[in-house]
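S.K.: Quick one, what's the 3D model for this:
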Amino acid sequence: MWDDRKKKHFVNAILDEMLRGSFTDNNFKKDSWTRILASFNGMLTELGDVPMTKGQLQSQLSTRKREFTEFSTVKN
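M.R.: Next up is the predicted model:
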C-alpha cells in the first residue's frame, strides 16, 4: 500500500536523482534506479515492510506522472 509517507520518500528519491543529472531522455540511468531502489527499500525495511522491485517502482513513477497530468488538466 502506498501511503503518503512512502509516496513522499519515493518522490524525494526521484528528485534527488534528477538533481544529480541522472534523468536523460525521459528515463533514469540504470545506476539511478539502483540508488532509488536502495533508498526506498531502506525506508521500507525500517517500517517493517516488504522490499519492492525496480519494476514496482517504475510502475509507481508512471502512476505519479499520470496523476500529475490529470491534476494539471483539471486545474487548468
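
S.K.: Other residues contacting the helix or strand hosting T73?
M.R.: Assigned by DSSP states H and E, T73 falls within helix 54-75. Residues from elsewhere that reach helix 54-75, judged by CB atoms under 8 Å, 6 or more residues apart in numbering: 2, 7, 10-11, 14, 33, 36-37, 40. The C-beta positions use only the backbone N, C-alpha and C, and glycine is treated the same way.

S.K.: Please apply the same query to stretch 2-16.
M.R.: 35-36, 39-40, 43-44, 47, 57, 60-61, 64.

S.K.: hmm, 10 Å instead?
M.R.: Applying CB atoms under 10 Å, 6 or more residues apart in numbering, the contact partners of stretch 2-16 are 22-23, 28, 32, 35-40, 42-44, 47, 49, 52, 56-57, 60-61, 63-64, 67.

S.K.: Compute the inter-axis angle for the helix or strand hosting E46 and helix 54-75.
M.R.: Counting by DSSP H and E, the element that carries E46 is helix 30-47. Put simply, helix 30-47 runs at 90 degrees to helix 54-75, going by axes from the mean of the first three to the mean of the last three CA atoms, to 10 degrees.

S.K.: Restricting to C-alpha, output the helix holding T73 in CSV.
M.R.: Provided in CSV are the C-alpha atoms of helix 54-75 (Å, rounded to 0.1, in the frame of the first residue of the first chain):
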residue,chain,number,x,y,z
LYS,A,54,12.6,-2.0,-9.7
GLY,A,55,9.6,-2.8,-11.8
GLN,A,56,7.2,-1.9,-9.0
LEU,A,57,8.9,1.5,-8.5
GLN,A,58,8.9,2.2,-12.3
SER,A,59,5.2,1.4,-12.3
GLN,A,60,4.7,3.8,-9.4
LEU,A,61,6.6,6.5,-11.3
SER,A,62,4.2,6.1,-14.2
THR,A,63,1.3,6.4,-11.8
ARG,A,64,2.7,9.6,-10.3
LYS,A,65,3.2,11.1,-13.8
ARG,A,66,-0.3,10.2,-14.8
GLU,A,67,-1.9,11.7,-11.7
PHE,A,68,0.1,14.9,-12.1
THR,A,69,-1.1,15.1,-15.7
GLU,A,70,-4.7,14.6,-14.7
PHE,A,71,-4.3,17.2,-11.9
SER,A,72,-2.8,19.7,-14.3
THR,A,73,-5.6,19.2,-16.8
VAL,A,74,-8.3,19.7,-14.2
LYS,A,75,-6.5,22.7,-12.6
